[in-house]
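S.K.: got a structure for you, letters missing:
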């Protein structure tokens, strides 16, 4: 079927749309395309002589028909089937209707937009690029720092050019799961091309592409761009390209999460530029490293023009106009009752000039000031005096904004609770923004991120969040039971201790606190909402925290990567063993922990032995960090294991549960099975196995001691250095094992002199008399005494040298 074969049926629709004074949004245009004319549905003729469908059902009631065929028999029976003329476009619209990425989507209301008297120069320059009929650069990059007004410029251009030059628009949003990834980008662009370009052949080609291959809606964006954008343009005559809208506006590319996704979007678009489509792309973003590097590549420089919003472009004058009109609206409209006694114009031109200077070219500063001063229940004069009374701070780009944010936060009566709430909101958002598949956490992200879940996690009464954040609306968007930050710069401020000071939000610390909350919920709570949150997010909080809690899972693979990850996790567990909260759960933390397979299966002895070894190594790394033993080049945990000759065989369990006391996991809703088989992981046995490997390594590599290292140490050298340094400490924590005592006896001739051998003597003296190797004990005692004597002699020689 030729994509253009059905164009005759649409010519009436096409002319009707062209005659309209303006175009509506995509949803409006779709409805018009379905009816054929505004307000008038298409009329379907019945092929029977004189008998119409209306007449047939004239006296019937309560019938509904959809996509139906009617058999009306007068003389000969004639069947008529009416096919949905735009089934492909309908599927395409259904796939992107929920995204809300168009410039006029309700989800973006009210959108940021330039003040009518500002940004005239930059808007004029980019509009000239959009409207130019000459062959020019197909890409324009609009970039600048947070708060510079990129989205407002993109929105204003989209509204200004939508009648004749706008072909498509897509506005990314970091906080919106539908718009913080590239999945819908090409489908939205394709749909806009079909609806906004007013070309029936292009529309038919896109409809045909989706109708004949619906699976394209789930394909990779590279494939979608080829089949939903490039090939439809190839299906229409190139001479018609000149009359088509060609500007595609993509805003907030830096809010597409993940540098790989950002690079992928650019690679997809740039890969089809040139003669394959007439489109021009305006891309607005922060100058993030991956985006900046992409545009900086030699092949892309010649086809890209740029606008840097950190340049002048009369920014100070525009901010001045914006502030002046904003204060006028506050005084004469929104707060006219409480401002009636204030002489106008208010504030004075000197005050506005001062605020312009403080803004340092950041429109977000001016916007925040106006929101703060003009809040519904505020006294504007008092609020403005508060802003003007703030110190100037450091002379960097964000100093004035930081001072303002601190002022807004300090005006709250319960600052500690505000930070607790904001920290919880931000770390919940943090776990929803990461790609957990790459981290081997395959659990879905829980969608509950509203005020109610925050109150439950923090054990706050209903309404506490809303009340606590009252007065913060200049920096927060609070509605429909959710809280979002208005500006990314406020989040940057909170996460930077150098800028926020006492209001600093330590993400890792908040993840730790929520991990502890999750563990308590697992053990004690039967609330289904909370348990749903915990099931999906407990592991994620643990992964991003400064500690480790009860559950570990799904990364257990018998590979070096697994070993490295496991040791890292177990080191965090060692930190938990020192925390006050955990100490109350066990009387003897050095004994070990309990482990169970969450599926209720029996764990093998080899698996448990491997866990004991890894825990011992992790605990030792915690108390004696490798960077202390290897200050110049710190080896990995896998290097040490290889150097010691340790082999991990059977760690292939899908998921396990770790705890200090199985009684804490007896709750019927625990993620461990209802009747788990608990096994004790004995730390002493792990230390003993590790100590044996150290002793064998020392005996097996005696020549290493005399080697002159010419570069980074090999695995064998790393293992030898670690063994000599930690052997006595490991023995001290090992069980009274006769095999280990025998290994020590064979290794004595290879040991370096060290005072730590006194710990070995203490370990030997704990053996029963009939099991102690007295000869070895005496030999070690003599060795230590001789070593101490040598040290004293060396010190005396040094003193004599100093006297001479």
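M.R.: Now that the structure is in, tell me what you want to look at. Everything quoted here is computed from the prediction, not taken from an experiment.
S.K.: so where is the stretch 401-550 of the chain shaky, pLDDT-wise?
M.R.: The model of the stretch 401-550 of the chain has pLDDT under 70 over residues 433-449, 519-520, 522-529, 535, 539, 542-543, 545-550.
S.K.: no wait, the stretch 701-804 of the chain
M.R.: Along the stretch 701-804 of the chain, the parts satisfying pLDDT under 70 run over 702-712, 752-756, 758, 786-788, 790-792, 794-804.
S.K.: now do the stretch 101-250 of the chain
M.R.: In the stretch 101-250 of the chain, residues with pLDDT under 70: 135.
S.K.: 50 instead, please
M.R.: Across the stretch 101-250 of the chain, nothing is flagged by pLDDT under 50.
S.K.: Do you have the strands of the stretch 401-550 of the chain handy? List them.
M.R.: Under the criterion DSSP state E, counting those that start in this stretch, the stretch 401-550 of the chain contains strands at 476-479, 482-485.
S.K.: tell me the most buried of these?
M.R.: Highest mean neighbour count of the strands of the stretch 401-550 of the chain: strand 482-485, a mean of 18 (counted as mean count of other C-beta atoms under 10 Å). C-beta here means a position set from N, CA and C on the backbone, and glycine is covered the same way.
S.K.: Now do the strands in the stretch 101-250 of the chain.
M.R.: 139-143, 166-171, 247-251.
S.K.: Of those, which is nearest residue 488?
M.R.: Closest to residue 488 of these, according to C-beta to C-beta: strand 247-251, at 13.4 Å.
S.K.: coming back round to it: and residue 263, which of the strands of the stretch 401-550 of the chain is closest to it?
M.R.: Judged by C-beta to C-beta, the one of these that comes nearest to residue 263 is strand 482-485, at 25.9 Å.
S.K.: Okay, now the sheet partners of that closest one, with direction.
M.R.: strand 476-479 (antiparallel) (DSSP bridges).
S.K.: outside of the strand it pairs with, which residues touch it?
M.R.: For strand 476-479, the external contacting residues (C-beta atoms under 8 Å, 6 or more residues apart in numbering) are 466, 469, 472, 483, 484, 485, 486.
S.K.: and with 6 Å instead?
M.R.: Identification of contacts with strand 476-479 by C-beta atoms under 6 Å, 6 or more residues apart in numbering yields 469, 483, 484, 486.
S.K.: Looking at these, which is nearest residue 390?
M.R.: For those, the nearest to residue 390 is residue 486 (19.4 Å; C-beta to C-beta).
S.K.: residues contacting that closest one?
M.R.: Contacts of residue 486 (C-beta under 6 Å, 6+ apart): 475, 477.
S.K.: and the gap between it and residue 407?
M.R.: Counting by C-beta to C-beta, to the nearest Å, the separation of residue 486 from residue 407 is 16 Å.
S.K.: Residue 317 too?
M.R.: 26 Å.
S.K.: Residue 170 too?
M.R.: 36 Å.
S.K.: Which one of these two is surrounded by more residues?
M.R.: Between residue 170 and residue 407, counting by other C-beta atoms under 10 Å, residue 170 is the more crowded of the two (26 against 15).
S.K.: could you list every residue that touches that one?
M.R.: Applying C-beta under 6 Å, 6+ apart, we find residue 170 in contact with 101, 185, 188, 250.
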